[in-house]
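Student: with the sequence up front, the predicted model follows.
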2 protein chains.
Amino acid sequence: MTTGHIFIATSLDGFIASPDGTIDWLIQHTNPDEDHGYDAFMAQIDVIVMGRGTYQTVLAFDPWPYALPVVVLSRSLAAEEVPTHLAGQVRITALPPRAVMAGLAAEGYKRAYIDGGQIIQAFLRDGLIADMVITRVPVLIGSGRSLFGPLDGTDIALRHLQTQSFPSGLVQSRYQIAG
Amino acid sequence: MTTGHIFIATSLDGFIASPDGTIDWLIQHTNPDEDHGYDAFMAQIDVIVMGRGTYQTVLAFDPWPYALPVVVLSRSLAAEEVPTHLAGQVRITALPPRAVMAGLAAEGYKRAYIDGGQIIQAFLRDGLIADMVITRVPVLIGSGRSLFGPLDGTDIALRHLQTQSFPSGLVQSRYQIAG
């Protein structure tokens, strides 16, 4: 099975975006000169899986920021909604997480970057995440879109691998999913 | 004004207790031989402020665990509900957070340990917290009582002071409230 990997920043109170989806608080508290390891992380990834919300945010970027193939999980977007300039780079699927990962494994993909709050929660619940890098931004924003969400009644134990802090105040921890 | 100080453990998804108030997940993932700095923290504290929930949990402990004076914030408990063996050590007040801290300052108290989820959130909203030590336990529990809660529409910026991790996987960060 292709393994899922998370690399994401949250406010100290656990939000990945403000209620309206913006991340001004993140930009404000991050030093762009600091290397938080995103490039090193992505160098170990061969496919990206994201939800509709993340996809539609990224679609507004020019140029398209990814060199790797992107799979968008959506039950509402149609496959033909991929712009022609992204054909071959982006595909849309309505399959559930396990089937997506099994399909990617059959195509030879080893490690998938799983991005977007709803998608991360679904993949965690389905046991499809191998490890995660969580970067805590030193701010409380009070409300917004949560990184984590409800589980199916069973705790998920983690193994802490490493933590480092940065002069900007960001604290980055790496965890493996235990068991 | 007396300053408020927090020292608390949370699951990686931000809960200080399970939905029923228990902390089995915390006990399970903590090594009692590790020194997480609680005694050193408490040595800098001269009064404890807690909510009714925390108080009623601690009341069940035998012996009473605190040497410092304890102030319980509650609008429903009456002052006479303090057991006789705790008279002089525990007092109950219905005053709001600012008035409590002003009163403690007038009595000469400098640094208050603020404990309990609801109380911590209220004191943060009222700008009464000077710094906090947050210890992240490497487990996701999915639901429970949150450390943090809604704010009044203004972000609270923090200054990261220090982070250390422990062999058990606990990650402890110290923050000052900025501004």
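Tutor: That came through fine.

Student: tell me how far the residue nearest the centre of chain A lies from chain B.
Tutor: The residue lying closest to the centre of chain A (Cα atoms, centre = their mean) is residue A:115, at 2.0 Å. Applying Cβ to the nearest Cβ, to the nearest Å, the value for residue A:115 to chain B is 18 Å. The C-beta positions use only the backbone N, C-alpha and C, and glycine is treated the same way.

Student: now do the contacts for that residue.
Tutor: A:6, A:8, A:48, A:49, A:50, A:51, A:54 (Cβ atoms under 8 Å, 6 or more residues apart in numbering or on different chains).

Student: so who does residue A:82 touch?
Tutor: A:90, A:91, A:92.

Student: try 6 Å this time
Tutor: residue A:90 (Cβ atoms under 6 Å, 6 or more residues apart in numbering or on different chains).

Student: so which strand or helix has residue A:5?
Tutor: strand A:3-11 (DSSP states H and E).

Student: how far is that strand from where the chain is centred?
Tutor: 5 Å (Cα atoms, centre = their mean, to the nearest Å).

Student: returning to what we had before: and the residue nearest to the centre of chain A, what pLDDT?
Tutor: As predicted, residue A:115 sits at a pLDDT of 96.

Student: again with residue A:40
Tutor: 97.

Student: now it: phi and psi?
Tutor: Note on residue A:40: backbone dihedrals following degrees, to the nearest 10 are phi -60, psi -40.

Student: identify each buried residue in the strand holding residue A:5, please.
Tutor: A:3, A:4, A:5, A:6, A:7, A:8, A:9, A:10, A:11 (16 or more other Cβ atoms under 10 Å in any protein chain shown).

Student: any stretches of chain A with poor pLDDT?
Tutor: A:179 (pLDDT under 70).

Student: which parts of it sit against chain B?
Tutor: A:13-14, A:25, A:138-143, A:148, A:150-151, A:155-158, A:160, A:163, A:165, A:169, A:171, A:173 (Cβ under 6 Å from any Cβ of the partner chain).

Student: need the helices for chain A, in chain order.
Tutor: Assigned by DSSP state H, the helices in chain A fall at A:24-28, A:38-42, A:52-59, A:97-106, A:117-125.

Student: now those in TSV, with mean neighbour count and distance to residue B:68?
Tutor: Below are the helices of chain A laid out as TSV (neighbours: other Cβ atoms under 10 Å in any protein chain shown; distance: least, Cβ to Cβ, whole Å):
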stretch	mean neighbour count	distance to residue B:68
helix A:24-28	14	36
helix A:38-42	13	45
helix A:52-59	18	48
helix A:97-106	16	50
helix A:117-125	21	41
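
Student: redo these as TSV? Include distance to residue B:105.
Tutor: TSV is the format used below for the helices of chain A (distance: least, Cβ to Cβ, whole Å):
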stretch	distance to residue B:105
helix A:24-28	32
helix A:38-42	46
helix A:52-59	47
helix A:97-106	54
helix A:117-125	42
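
Student: rewinding a little: check which helices and strands the strand holding residue A:5 sits against.
Tutor: Here strand A:3-11 touches strand A:111-115, strand A:129-137, going by 3 or more Cβ pairs under 6 Å, 6 or more residues apart in numbering or on different chains; DSSP states H and E.

Student: re earlier: now, which of the contacts of residue A:115 sits nearest residue A:177?
Tutor: residue A:6 (9.9 Å; Cβ to Cβ).

Student: is it true that that closest one touches residue A:134?
Tutor: No: counting by Cβ atoms under 6 Å, residue A:6 does not reach residue A:134; the two are 7.4 Å apart.

Student: what's stretch A:25-40 in contact with?
Tutor: For stretch A:25-40, the surrounding residues in contact (Cβ under 6 Å, 6+ apart) are A:9, A:137, A:139, A:141, A:166, A:168, B:155.

Student: for stretch A:145-156, same thing?
Tutor: With Cβ under 6 Å, 6+ apart as the test, stretch A:145-156 has contacts from A:10, A:14, A:16-17, A:117, A:121, A:125, B:13, B:25, B:139-143.

Student: widest-spaced pair of those residues?
Tutor: Longest span within these, Cβ to Cβ: A:17 and B:25, 27.0 Å.

Student: contacts only, for the nearest residue to residue A:118 once chain neighbours are set aside.
Tutor: Once flanking residues are discounted, residue A:118 sits nearest to residue A:51: 5.1 Å by Cβ to Cβ, 6 or more residues apart in numbering or on different chains. By Cβ under 6 Å, 6+ apart, the contact set of residue A:51 is A:73, A:116, A:118, A:119.

Student: next one: residue A:16
Tutor: By Cβ under 6 Å, 6+ apart, residue A:16 lies in contact with A:10, A:117, A:145, A:147.

Student: how much space separates it from residue A:55?
Tutor: 15 Å (Cβ to Cβ, to the nearest Å).

Student: that older thread, so which of the helices of chain A comes closest to residue B:108?
Tutor: Short answer: helix A:24-28, nearest of those by Cβ to Cβ, at 38.2 Å.

Student: that closest one: how far from the chain's middle?
Tutor: How far helix A:24-28 lies from its chain's middle: 18 Å, per Cα atoms, centre = their mean.
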